[in-house]
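Peer 1: No letters, just coordinates:
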């Protein structure tokens, strides 16, 4: 079994900052890419940022210059530093990891339970 546990969400005023964390645990052999997605009410889930095991990153245009994804491979943890938050960033943020389990040649996608981020005055 694999678990991804997110933390760090909450209520913040426009212009404020939050840092999300997501720790993967359980039966894990290796983790390839990790990423953050978000889903606002009535909208589709969208990619916010992703990072490879080697540290290459990709950020959605809507968050470039404001959000930064990073990871600690030793801790199987991915972070999302969110600065200059806007009301339109309000959403449930989900962590995703593409990983391999011991003894398996296949890569599977695993999701966290989500953490709410609300940007409001």
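Peer 2: Okay, I see it. The structure displayed is predicted, hence computed values, not measured ones.
Peer 1: just checking, what packs against the helix or strand where residue 98 lies?
Peer 2: For residue 98, the element it lies in under DSSP states H and E is strand 91-100. Packing partners of strand 91-100 (3 or more CB pairs under 8 Å, 6 or more residues apart in numbering; DSSP states H and E): strand 2-7, strand 18-26, strand 30-39, strand 77-82, strand 107-111, strand 115-119. C-beta here means a position set from N, CA and C on the backbone, and glycine is covered the same way.
Peer 1: if you set the cut-off to 6 Å instead, what comes out?
Peer 2: Applying 3 or more CB pairs under 6 Å, 6 or more residues apart in numbering; DSSP states H and E, we find strand 91-100 packed against strand 18-26, strand 30-39, strand 107-111, strand 115-119.
Peer 1: gap between residue 78 and residue 33?
Peer 2: Distance, residue 78 to residue 33, using CB to CB, to the nearest Å: 10 Å.
Peer 1: what does residue 18 give?
Peer 2: 22 Å.
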